[in-house]
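Okay, predicted coordinates and the sequence, questions at the end:
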Amino acid sequence: MTIAPDDARRDAHLYQVMREFVASADDTLPGKFEITQEGIVHDMMAPVGPHELTALRLRKRLERVMPDELVAHTGTPDVESASHGIMRHPDVMVIAETDMEVAGSVDPLTLVAAIEVVSRSNPENDWVSKMRDYPLLGIPVYAVFDPRTGSGAVLCDIHRTPDGPRYATRKDFLYGEDVTIAEWTIPTDGLPRYA
């Protein structure tokens, strides 16, 4: 779809309004806010123990095998593309430490990989909308870990489709198997499950 100049200005204004709301609500309302092309996603539930423990273990396992100049970062900042009207917050982002030396959000084109731990309260955010948004943002590898099922997938090889950029390759795995994210293979044994 082609956006006329008036539509582009309106979309830019709407994105800025959503961005300002998210910034103001972030410290005052519970949960996590992200902006997609459809609008604001609000995961009401604060991440629970298994979610946070999974992100921690993945971060540690990746940092053991990656070069020192890369980090598996958890926490802020967000990954944002104002031109696409998208602001996301990966649970773990693989990025060069020097690419984090920015004021504000991280450029998604600097990420090596984005990793999500599926939320119990909003699994579609990780399995559907981020699977659409991350290739649009140019993030080359997207890994999903699902504590509900003890399984996941690694997606890569962005290609164009009539519906926009999508990942062409998907490798499913079960917890307990080794998984390769970008160039690095880590074990998935001992990752917690939701009760």
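Okay, I see it.

For this protein, just list every one of the strands.
Along the chain, the segments classed as strands by DSSP state E run 32-36, 39-43, 70-73, 79-81, 86-88, 92-96, 111-117, 142-146, 151-159, 166-174, 178-181, 184-187.

ok, of those, where does mean pLDDT dip lowest?
The minimum mean pLDDT among the strands of the chain belongs to strand 39-43 (a mean of 70).

separation between Ala195 and Asn122?
Ala195 sits 18 Å away from Asn122, going by C-beta to C-beta, to the nearest Å. For every residue, glycine as well, the C-beta is placed using N, CA and C.

Tell me which of these two has more neighbours.
Asn122 (17 against 8; other C-beta atoms under 10 Å).

pretty sure the more buried one is touching Val41, no?
Yes. Between Asn122 and Val41 a contact is recorded at 7.4 Å, counting by C-beta atoms under 8 Å.

Can you list the buried residues in stretch 72-89?
72-74, 78-81, 84-89 (16 or more other C-beta atoms under 10 Å).

what do you get for stretch 90-102?
Under 16+ other C-beta under 10 Å, the buried positions of stretch 90-102 are Pro90, Asp91, Val92, Met93, Val94, Ile95, Asp99.

Please apply the same query to stretch 188-195.
Thr188, Leu191, Pro192, Tyr194.

so who does the most centrally placed residue in the chain touch?
In the chain, the centroid-proximal residue (C-alpha atoms, centre = their mean) is Pro90; its distance is 3.2 Å. Counting by C-beta atoms under 8 Å, 6 or more residues apart in numbering, Pro90 touches Val79, Leu111, Ala114, Ile115, Glu116.

which one of those residues sits closest to Ser24?
Val79 (19.8 Å; C-beta to C-beta).

what's across from that closest one in the sheet?
Arg88, Val106 (DSSP bridges).

ok, now which ones touch it?
With C-beta under 8 Å, 6+ apart, Val79 has these contacts: 87-90, 93, 105-108, 111, 114, 137, 139.

now do Gly190
Arg57.

so which of the buried residues of stretch 90-102 would you say is closest to Thr149?
Among the buried residues of stretch 90-102, and counting by C-beta to C-beta, the member closest to Thr149 is Asp91, at 16.7 Å.

what's the distance between the closest one and Pro162?
30 Å.

What residues sit buried inside stretch 51-61?
Buried residues in stretch 51-61 (16+ other C-beta under 10 Å): His51, Leu53, Thr54, Ala55, Arg57, Leu58, Arg59, Arg61.

Alright, that wraps it up for me.
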